[in-house]
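*Asks:* got a sequence here, can you build the structure:
(one chain, ligands or ions: 2)
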Amino acid sequence: MIVVMKPDVKREQIKEVIKYIEELKLRPILMEGVERNVIAIIGEERNLSIQTFQALSGVDYVMPVLKPYKLAALETSHKPSIINVDGVKIGGKHLAIMAGPCSVENERMMIETAIKVKEAGANILRGGAFKPRTSPYAFQGMGEDGLKLLKIAKKETGLPIITELMDIRDLILINKYTDIIQIGARNSQNYPLLKEVGRTQKPVFLKRGISGTIEELLMSAEYIMSEGNPNVILCERGIRTYERATRNTFDINAIPVLKKLTHLPVIADPSHGTGDYLLVPSIAKASIAAGADGLMIEVHPDPKVAVSDGAQSLTPENFAMMMEECRRVATAVDREM
Ligand code: PEP
Ligand code: MN
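*Replies:* Ligands and ions are numbered 1, 2, ... in the order given. The predicted structure is shown next:
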């Protein structure tokens, strides 16, 4: 159930409602919006009386949330959430474009990529320092040295950083360097990890699991939000199907479906969604047309020597061309980039 407070509600009235919920041995979660404050009630709500809540002072209206995910549900927030990442807004009219290499490899490639993707219009820099690889013998990422290079690239370009957290033990370290914590497809249902990032206020970029349903993705977002972190960004990155022509099957449906179900921003990752750089621009454009709030694109100065995901990485030149095409689609659907 959610309790929507009146626009002119007083602090005291919010506190009273929270106290009442706690007395009922339920968990209140206060979500402070620009226009409205909403209190979500978490727990067994079968015996709750809507009338009793409605009578409390400062309450505008009370609404049951039928979905299993309460905080992520669209009906809880009414309007799309906008997440502020170091000045870049994710979820508004302007599209968030995250670009950069799959892995951070060295200072030169990192800075060169950062400068070039920024010139082409990217507003967030990506790069993996801790890499989830299928083989334990493959390059596992540069670790903290890679985080340091991301920081240098940020200093050089002003672009905020997104990088992946795989292991709970690295949270403090990664949190120190990054502006957005990426939770990769393989950890999409790692609930202890999700809870831990939920205890920070850092924006979390949550990728859909390789075989994850849309509802499972939203339940994972709920794990993060229920710990107190409302700053969750969802990512469709392709799922595993019987089709072998592409690395994954990019689920374009997921974008409008998520938009129908949640107020959280939705980003498309056509790089992992296709696995083939030649297919990336088509799926990027389709995603914007379908309502995505932005893109995550792998870009490498020399994809053929990339240590990971070279086949799906665009050169900076191809990225700039793709951005031009995407801009035209964005204009057609009343978005900016
Ligand atoms: C990545 O972004 O490089 C990555 C490993 O993505 P995913 O978790 O979607 O496979
Ligand atoms: Mn990758």
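*Asks:* tell me the pLDDT of the closest residue to residue 270 other than its chain neighbours.
*Replies:* With C-beta to C-beta, 6 or more residues apart in numbering as the measure, residue 283 is the residue that lies nearest to residue 270, at 3.6 Å, once sequence neighbours are left out. No exception for glycine: its C-beta is placed from N, CA and C like everyone else's. According to the per-residue confidence, residue 283 scores 99 in pLDDT.
*Asks:* kindly report the same for the one 5 residues further on.
*Replies:* Residue 288 is assigned a predicted lDDT (pLDDT) of 98.
*Asks:* thought it was touching residue 335?
*Replies:* Yes. Using C-beta atoms under 8 Å, residue 288 makes contact with residue 335 at a distance of 6.6 Å.
*Asks:* so what sits against both of the two?
*Replies:* By C-beta atoms under 8 Å, 6 or more residues apart in numbering, residue 288 and residue 335 have these common neighbours: residue 95.
*Asks:* can you pull the domain assignment for this structure?
*Replies:* According to automatic domain parsing, the chain comprises the domains 2-64, 83-332.
*Asks:* and those domains, which is most packed in?
*Replies:* Across these, averaging neighbours per residue (mean count of other C-beta atoms under 10 Å) puts domain 83-332 on top, at a mean of 20.
*Asks:* now do the same end-to-end measure for that domain.
*Replies:* Taking C-alpha to C-alpha, to the nearest Å, the first and last residues of domain 83-332 lie 24 Å apart.
*Asks:* contact partners for the nearest residue to residue 230 once chain neighbours are set aside?
*Replies:* Using C-beta to C-beta, 6+ apart and skipping residues adjacent in sequence, the residue nearest residue 230 is residue 31, 6.1 Å away. The neighbourhood of residue 31, defined by C-beta under 8 Å, 6+ apart, consists of 37-40, 71, 76-77, 230.
*Asks:* residue 31: what secondary structure?
*Replies:* For residue 31, the reduced secondary structure class is strand; criterion used: DSSP: H, G, I helix; E, B strand; the rest coil.
*Asks:* leaving out sequence neighbours, find the closest residue to the residue in the chain that ligand 2 sits nearest to.
*Replies:* Nearest to ligand 2 in the chain, going by C-beta to the ion, is residue 102, at a distance of 3.3 Å. What sits nearest to residue 102 in space, not counting adjacent residues and going by C-beta to C-beta, 6+ apart, is residue 309, at 3.7 Å.
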